[in-house]
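Trainee: pasting the sequence and the predicted model now:
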Protein chains: 2
Amino acid sequence: MVDVARHARVSVATVSRVLNTPERVAPDKSEAVLEAVRKLEFRPNLAGRTLRAARTRTLGVVLPTLSHPVFAECLHGIEATARERGYSISIATTGYEPAQEHQASEILLQRRVDAMVLTVADARHSRVLDKLDAEAVPYVLVYNQLGRRHRRRSTVSVDNRAAARQMVAHLIGLGHRRILMLAGNVRQSDRSRQRLQGYGDAMRAAGLTPLAPIELAFMAPDAAVHLGDAIRSDAPTALFCSSDQLALLAIRDLAALGLAVPADISVAGFDGTSLSALMVPPLTTVVQPSIALGRAAVERVIALLDGARIAQPTVLTHELRLGATAAPPRP
Amino acid sequence: MVDVARHARVSVATVSRVLNTPERVAPDKSEAVLEAVRKLEFRPNLAGRTLRAARTRTLGVVLPTLSHPVFAECLHGIEATARERGYSISIATTGYEPAQEHQASEILLQRRVDAMVLTVADARHSRVLDKLDAEAVPYVLVYNQLGRRHRRRSTVSVDNRAAARQMVAHLIGLGHRRILMLAGNVRQSDRSRQRLQGYGDAMRAAGLTPLAPIELAFMAPDAAVHLGDAIRSDAPTALFCSSDQLALLAIRDLAALGLAVPADISVAGFDGTSLSALMVPPLTTVVQPSIALGRAAVERVIALLDGARIAQPTVLTHELRLGATAAPPRP
DNA sequence: ATGAAAGCGCTAACAT
DNA sequence: ATGTTAGCGCTTTCAT
């Protein structure tokens, strides 16, 4: 900066002003500074700026994984929006392990991110969120959704329970009575729990008895076994899966068990990742607008940074995509 | 840090040493400092450290998009490895636009990332890479692959040309003669070009005449039209696509044209994203080890930071996954 | 409108 | 082994 100042025959203070508050500097000086910047290829060092201004213009992002397309697409929306708004992002993943949530957030806090966008296992009980609250670091949760009693935290999500209810109601409408839910880890994941509730809502509303869900750890290798057992004992005619990934896994394993989808058994998913639309037959699933969720989360977190109060949860509309993996049961 | 020093009754220098070179400080003092750190919940401010040490322990990552599973998985490997090695990452995407490559790299350079991992459109002609060379910023390319004459740049990739050749040879082995290639933007993407070369190699090796490829811009909306035209004029019995995404798109559009895969026409892809394995029927494709590519890229870039010279390109082994979308042509 | 100078939090050279 | 201190690059009072 000293070089630039010398080159433009002004002080470093003026250089700084040109870069930050150009309106407060005379046009001719401004011009000279800008030219010096170009000529010397000056690139402000963010560390200096951060140290002094106590702002990094960086958003921290904590997500369970990037291998799952839902989160990858969300990150895509986050990154694009952050860039448009002049922020960059720093990311850390947790691999679905609550212990890692703490480590991930510490790394980002050490970088002094201005705010965070995160998906945690359970938004109601989270040491990390408690910490962020205590340290007054603004944050917005994506995908996580909170009940009426926990509205202290800013969330951006779809209505998981309602979406699950609608999808299960759709299966019931097709004529299914024995519908089995394939859930993620219900104890750890609030979304899994909400979708399970939605499943129960729909079943009971139709006068049906909910079946005990199969709980699968993320990417469980023994999924096929559990699935086989459950199919023998419950004889379901439809499977409602709490993610597309689980649905694809189920379809594959059903094929191995000699069951055709949807002829022998129907399968519905949740997420609506772009690839699930391209597969043949296209997956019947609940479409979450992942990119839009990421976008909205960044917009909200920037609003918080600009002094907004925590508002109502942002609930984006989901959509039932009636693909071709769910059909009426065999008579 | 002053607080911590006061609390532990030592100087700030000792606090710094405990944090950076613990072996150079007496155990009792070290203990005292650590306790003060815990008690005061001291979190070193990276900006101060960066400013002084001129190192951020941050890796910049530039990728075309995060919506494409191949890059998302690669990023997953990058993030995990970086974390293990004590680095964090800062990402920027380019949306496949060379102009944005420049912008993305500038953002990261402004953050003073220690090094970069990137995928560019064309590694042979890249203003961004020229700039990084000029500024002596270490970097490693992922997915990009360079010919013998351009080995100045560090790359981590599969052998795109050989992989394409093998896949096309496999199709020829099944009995196909009229094989059409669906390529990305050949002019802009070096990988697309290499895969097209591999296609040509295999065709000529079998005494067949390569057909002119269909070039599709990324996520082209008019893909169906071009595909329909080409199928009418070339009457191919197999399609070799330069990405899984293109393959899925093709399969969907073929269905719309009344063509069944693989009964009427075979389709092979390239990438081996995890979802392409789960679809029914599973996609016949070239599997790139995306997570391992990301891991290897980070290992190499850290080696460069530690003073290693640019070595031979790292070529990871691909794999042909013989799914069920390619079969012998109708007699 | 502009400049001089203090100081953000940290590390490392130097002194002890 | 430990302390003192300069200074990394920037922004922001405070003067002028």
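Mentor: Cool, the structure landed.

Trainee: least trustworthy helix or strand in chain A by mean pLDDT?
Mentor: helix A:274-278 (a mean of 81; mean pLDDT, DSSP states H and E).

Trainee: name the residues that touch that one?
Mentor: The contact list for helix A:274-278 (CB atoms under 8 Å, 6 or more residues apart in numbering or on different chains) reads A:69, A:73, A:244, A:247-248, A:269, A:282-283, A:285, A:321, A:323, B:67, B:69, B:245, B:248-249, B:251-252, B:273, B:275-276, B:279. Glycine gets a C-beta too; all of them are placed from N, C-alpha and C.

Trainee: among those residues, name the ones in strands.
Mentor: A:269, A:285, A:321 (DSSP state E).

Trainee: give the contact list for the second one.
Mentor: In this structure, A:T285 makes contact with A:167, A:244, A:247, A:268-272, A:276, A:320-321, A:323, judged by CB under 8 Å, 6+ apart.

Trainee: so how far is DNA strand C from the nearest residue to it once chain neighbours are set aside?
Mentor: In space, A:T285 comes closest to A:G269 once its chain neighbours are excluded; the distance is 3.8 Å by CB to CB, 6 or more residues apart in numbering or on different chains. As for A:G269, its distance to DNA strand C is 47 Å (criterion: CB to the nearest atom of the strand, to the nearest Å).

Trainee: how about A:C241?
Mentor: A:C241 sits 47 Å away from DNA strand C, going by CB to the nearest atom of the strand.

Trainee: can you name the residues bridging to that residue?
Mentor: A:C241 has these beta-bridge partners by DSSP bridges: A:L182.

Trainee: quick check: the residue nearest to A:T285 touching A:L249?
Mentor: No: in this structure, A:G269 is not within contact of A:L249 by CB atoms under 8 Å, at 10.1 Å.

Trainee: between those two, which one's more packed in?
Mentor: Higher neighbour count among A:G269 and A:L249: A:G269, with 30 against 20, using other CB atoms under 10 Å in any protein chain shown.

Trainee: looking at that one now. What's its pLDDT?
Mentor: Reading off the confidence values, A:G269 has pLDDT 96.

Trainee: now do stretch A:32-46, average pLDDT.
Mentor: What stretch A:32-46 shows for mean pLDDT is 95.

Trainee: would that stretch count as contacting chain B?
Mentor: Yes: Stretch A:32-46 reaches chain B (CB under 8 Å from any CB of the partner chain) through A:43-46.

Trainee: which of the residues you listed tops the neighbour count?
Mentor: Highest count within those by other CB under 10 Å belongs to A:L46, 22 neighbours.

Trainee: ok, it - contacts?
Mentor: Applying CB under 8 Å, 6+ apart, the residues contacting A:L46 are A:56-57, B:110-112.

Trainee: alpha carbons of stretch A:119-138, as PDB, please.
Mentor: Presented in PDB, the C-alpha positions along stretch A:119-138 are these (Å, rounded to 0.1, in the frame of the first residue of the first chain):
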ATOM      1  CA  THR A 119     -26.600 -28.000   9.200                       C
ATOM      2  CA  VAL A 120     -26.300 -29.800  12.500                       C
ATOM      3  CA  ALA A 121     -27.500 -33.200  13.500                       C
ATOM      4  CA  ASP A 122     -30.100 -31.900  15.900                       C
ATOM      5  CA  ALA A 123     -30.900 -28.200  16.200                       C
ATOM      6  CA  ARG A 124     -32.600 -28.500  19.500                       C
ATOM      7  CA  HIS A 125     -29.700 -29.900  21.400                       C
ATOM      8  CA  SER A 126     -26.400 -28.700  20.100                       C
ATOM      9  CA  ARG A 127     -23.400 -27.600  22.000                       C
ATOM     10  CA  VAL A 128     -22.100 -25.800  19.000                       C
ATOM     11  CA  LEU A 129     -25.200 -23.700  18.600                       C
ATOM     12  CA  ASP A 130     -25.100 -22.900  22.300                       C
ATOM     13  CA  LYS A 131     -21.600 -21.800  21.900                       C
ATOM     14  CA  LEU A 132     -22.400 -19.600  18.900                       C
ATOM     15  CA  ASP A 133     -25.300 -18.100  20.900                       C
ATOM     16  CA  ALA A 134     -23.000 -17.400  23.800                       C
ATOM     17  CA  GLU A 135     -20.400 -15.800  21.600                       C
ATOM     18  CA  ALA A 136     -22.900 -13.800  19.700                       C
ATOM     19  CA  VAL A 137     -21.800 -15.200  16.300                       C
ATOM     20  CA  PRO A 138     -24.700 -14.800  13.900                       C
END
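
Trainee: what sits up against that stretch?
Mentor: For stretch A:119-138, the external contacting residues (CB under 8 Å, 6+ apart) are A:62-64, A:71, A:74, A:96, A:98, A:101-102, A:105, A:109, A:113-116, A:118, A:139, A:141-147, A:150, A:152-153, A:155, A:188-190, A:301, A:304-305.

Trainee: what's around A:T21, how many residues?
Mentor: Neighbours around A:T21, by other CB under 10 Å: 9.

Trainee: check what pLDDT it gets.
Mentor: Reported pLDDT at A:T21 in the predicted model: 93.

Trainee: from B:R43, how far off is the closest residue to DNA strand D within the stretch 201-331 of chain A?
Mentor: Going by CB to the nearest atom of the strand, DNA strand D is nearest to A:L305 of the stretch 201-331 of chain A, at 14.6 Å. Distance, A:L305 to B:R43, by CB to CB, to the nearest Å: 20 Å.

Trainee: surely A:T50 and A:T56 touch.
Mentor: Yes: A:T50 lies in contact with A:T56 (CB under 8 Å); the separation is 4.9 Å.

Trainee: mutual contacts of the two, please.
Mentor: By CB under 8 Å, 6+ apart, the residues touching both A:T50 and A:T56 are A:112, B:47.

Trainee: ranges for the helices of chain A?
Mentor: A:2-8, A:12-20, A:27-40, A:46-53, A:69-84, A:98-110, A:127-134, A:160-173, A:190-205, A:223-234, A:244-256, A:274-278, A:290-305 (DSSP state H).

Trainee: could you report the neighbour count for the nearest residue to A:R178 once chain neighbours are set aside?
Mentor: Using CB to CB, 6+ apart and skipping the chain neighbours, the partner closest in space to A:R178 is A:P236 (4.6 Å). Neighbour count of A:P236, defined by other CB under 10 Å: 20.

Trainee: hang on, A:T58 packs against A:I89?
Mentor: Yes: counting by CB under 8 Å, A:T58 does reach A:I89; the two are 6.7 Å apart.

Trainee: between the two, which contacts overlap?
Mentor: Common neighbours of A:T58 and A:I89 (CB under 8 Å, 6+ apart) are B:S90.

Trainee: and the helices of chain A as a markdown table, adding distance to DNA strand C?
Mentor: Output for the helices of chain A, formatted as a markdown table (distance: least, CB to the nearest atom of the strand, whole Å):
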| stretch | distance to DNA strand C |
| --- | --- |
| helix A:2-8 | 7 |
| helix A:12-20 | 3 |
| helix A:27-40 | 4 |
| helix A:46-53 | 4 |
| helix A:69-84 | 24 |
| helix A:98-110 | 9 |
| helix A:127-134 | 18 |
| helix A:160-173 | 40 |
| helix A:190-205 | 35 |
| helix A:223-234 | 46 |
| helix A:244-256 | 41 |
| helix A:274-278 | 43 |
| helix A:290-305 | 19 |
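
Trainee: between the ones you listed, which gets nearest to B:A223?
Mentor: For B:A223, the closest of the helices of chain A is helix A:274-278, at 11.5 Å, according to CB to CB.

Trainee: just how off-centre is that closest one within its chain?
Mentor: On the basis of CA atoms, centre = their mean, to the nearest Å, helix A:274-278 sits 18 Å off its chain's mean C-alpha point.
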